[in-house]
Each structure stands twice: as structure tokens, then as C-alpha cells.
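>>> Build the 3D model from these lines:
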Amino acid sequence: MNPAPIDAPRLSGPAVALYALLRLAGRLPLRVLHGLGALAGRLLWLLHGSARRRVERNLSLVLTQDSPESRHALARAALAESGKTLTEIARIWGNPPAAALGLVREVRGAELFETALARGHGLIVAAPHLGCWEVLNYWLAARTPLAILYRPPRVAFLEPLLRRARGALPVEQVRAEGAGVRTLYKRLAAGGVVGILPDQKPRQGEGVDAPFFGAPAATMVLLPRLAQRTGATVLFAFAERLPRGAGYRLHFLPAPAQIADADTALACAALNRGVEDCVRRAFTQYQWHYKRYSSDARNPYAQAD
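Below you'll find the predicted structure:
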């Protein structure tokens with residue numbers, strides 16, 4: 001077993017058991033783990049539970065010109081990919097970082113990343129819930145000091161496990177709260193690199209509605225404000241899952257021009273266009289079961305849960 005990081009958080013009994021299970025499952029080839037994940041996704045489809053209904057509802061909002069048959073096929077594929085998201089974590093977190101990094105087969109747009117680093121004015125990596133974002137975290141942390149913003153899981157005992165697993169490389173893990181946001185500003189002002197999930201649903205009063213694939217979606221204002229106030233470069237990035245467990249292809253994409261606009265509506269619309277640019281490259285690998293289109297005043301999932 002690899003030694004834990006020096007500042008590794010103490011794990012409770014359930015977290016210790018889960019971490020041990022992750023490490024055990026991590027011995028399986030990625031191809032097998034992806035196969036098990038796809039099987040779990042197909043089971044969710046057959047059970048016709050809330051996950052399937054949310055995926056189908058989201059795709060009905062997004063793919064308005066597609067036939068029901070086409071949306072049906074994409075929804076099945078999306079659930080299979082969601083299953084892979086769960087099982088591949090064992091391969092990433094259950095092994096040394098070098099093993100996970102060895103699964104990266106190609107990097108597209110790496111010159112954008114290198115140029116932004118060389119510029120030295122700060123870099124925000126916007127990584128949507130697409131593909132395997134944990135591999136992307138490892139790749140970034142292996143190349144530059146990195147701070148990532150995260151929201152604590154609802155199940156409290158999982159937070160130390162999350163921090164332990166992500167701390168295999170020197171990553172500053174920052175809670176999505178006041179002190180954490182101030183840390184990000186300081187990092188960027190000093191020319192550092194931060195990673196943010198740009199499609200994380202904001203808390204009440206912390207976001208605005210902006211179009212996402214043509215439908216209004218609750219959208220964070222934090223990332224555009226960070227970009228506007230610090231002058232940092234914004235890049236979108238994700239790790240595409242390759243077929244048959246062959247590994248991952250990383251993508252770096254430039255952000256839409258208005259992402260740092262002083263007009264919040266324009267900036268948040270640009271943010272969502274950046275997420276769309278990523279999703280179109282690996283559509284079914286997006287987290288389509290996420291309630292991205294709900295807000296304080298709107299709940300299109302009332303019949304899905």
C-alpha cells in the first residue's frame with residue numbers, strides 16, 4: 001500500500017473500508033471496470049428509476065429537433081457512461097498517480113495550456129462534469145501547483161476520503177465557501193492555476209439563469225468574476241473516455257471571448273457555451289442525470305423523481 005500524503009485526513013471506519021475496496025478494485029484493468037460500469041448503467045436503465053428519468057428529461061429539453069428514438073438511444077448510452085464514471089474511480093484513486101497518468105494516450109490543445117502557464121497571469125481550468133475529470137486533475141497537478149474548488153459531499157464521512165484520494169499529488173483542495181473563494185483570488189493574482197467545475201449548480205442567490213443547449217440553466221457567476229477581476233486566462237478541459245478501456249484523451253479548448261465580460265448575463269452565457277463546446281466532442285459522456293435545469297423558481301424534474 002502506498003503511504004498516505006503527509007497531511008492526509010484521518011478516515012472513519014466506513015471510509016477506511018470504502019478506500020480499501022477502491023484499492024482492491026483498482027487492480028482490475030480499466031477495460032473490465034468500464035465494462036462493469038456500463039453494466040450498472042444498463043441496469044439503471046432497465047429499472048426505469050429517477051436517474052433514467054432525469055437523463056430523458058434533460059435530453060428532451062436539449063435535443064428538441066431529434067426523434068424520440070434518437071433521444072432514447074442517447075439516453076441509454078449516457079447512463080452506461082455514467083456507470084463508467086463510478087467504476088473507473090477505483091482505477092484512478094486505487095493506484096499510484098503514475099498509473100493513472102499512464103492511461104492518458106493523447107493531449108489535444110496542450111499548447112494552449114503551456115502558453116497560458118508561460119504568460120504567468122493566472123490560469124482557470126474549467127473542467128465540466130464530462131468524461132473522467134479526476135484524470136485531468138492528476139495531469140494538471142503533475143505539471144504545475146494546482147488548487148481545485150470542491151463542494152463537500154452530502155455524506156460527511158466521504159469528505160476525508162475525497163481529500164485523501166485527490167491528495168495523492170500536491171493539490172490544494174479548497175472548499176466552495178467564502179475563505180476558499182478568497183484563496184482562489186490570491187492564487188490567480190499570484191499567477192497560479194485553479195481548477196473549477198463550471199457546471200456545478202450554484203447555491204441559492206449565487207448564480208443566474210443562462211442558456212445551456214438552448215434552455216435556461218442555473219449557472220455560477222464565480223468563474224466569470226474570477227476571470228474578470230484577476231485577468232486570468234480561462235481554458236476549458238476534459239478527459240475523454242476512449243473505447244474499450246483504452247485510456248483517455250485530454251482536450252484543452254479556448255474559452256468564449258465574453259467569459260470575463262462585466263455584464264454577468266453575457267459572461268454566464270459564454271461560460272455555458274464553453275461547456276457546450278466540450279460536451280459536443282463527447283456527448284454521452286456528460287453527466288446528463290444532473291439536475292442542471294432546475295432553479296428556485298423552476299423544477300422540470302417534478303415527474304422524474
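>>> for residue 295, phi and psi?
Backbone torsions of residue 295, given as degrees, to the nearest 10, read phi -150, psi -180.
>>> What segments of the chain are strands?
104-108, 123-126, 146-150, 171-175, 193-196, 207-212, 215-220, 233-241, 248-254 (DSSP state E).
>>> Could you double-check that residue 226 lies in contact with residue 182?
No. Applying Cβ atoms under 8 Å as the test, residue 226 and residue 182 come out as separate, 11.1 Å apart. To be clear about C-beta, it is placed using only N, CA and C from the backbone, and glycine gets the same treatment.
>>> Point out where the stretch 1-150 of the chain drops to low pLDDT.
Counting by pLDDT under 70, the stretch 1-150 of the chain shows low-confidence ranges at 1-9.
>>> As a check, name the ranges of all helices in it.
For the stretch 1-150 of the chain, applying DSSP state H, counting those that start in this stretch gives helices covering 13-25, 30-47, 50-62, 68-93, 97-101, 110-119, 133-141.
>>> again with the stretch 201-305 of the chain
Secondary structure of the stretch 201-305 of the chain (DSSP H, counting those that start in this stretch): helices at 222-230, 264-279.
>>> still on that earlier bit, more neighbours: residue 226 and residue 182, which one.
Neighbours per residue, other Cβ atoms under 10 Å: of residue 226 and residue 182, the larger number sits with residue 226, 23 against 11.
>>> Which residues are in contact with that one?
Under the criterion of Cβ atoms under 8 Å, 6 or more residues apart in numbering, the neighbours of residue 226 are 124, 184, 185, 188, 194, 196, 232.
>>> Could you check the pLDDT of it?
Per-residue confidence (pLDDT) for residue 226: 96.
>>> ok, so what distance separates it from residue 174?
Here residue 226 is placed at a distance of 12 Å from residue 174 (Cβ to Cβ, to the nearest Å).
>>> Buried residues, stretch 26-36. List them.
For stretch 26-36, a neighbour-count test (16 or more other Cβ atoms under 10 Å) marks 26, 28, 30, 33, 34, 35, 36 as buried.
>>> out of those, who's nearest residue 147?
residue 26 (25.7 Å; Cβ to Cβ).
>>> what number of residues lie near the nearest residue to the closest one once chain neighbours are set aside?
Leaving aside its chain neighbours, residue 26 sits nearest to residue 94 (2.2 Å; criterion: Cβ to Cβ, 6 or more residues apart in numbering). When neighbours are defined as other Cβ under 10 Å, residue 94 has 22 of them.
>>> so what's residue 94 up against?
Contacts for residue 94 (Cβ under 8 Å, 6+ apart) come out as 22, 23, 24, 25, 26, 27.
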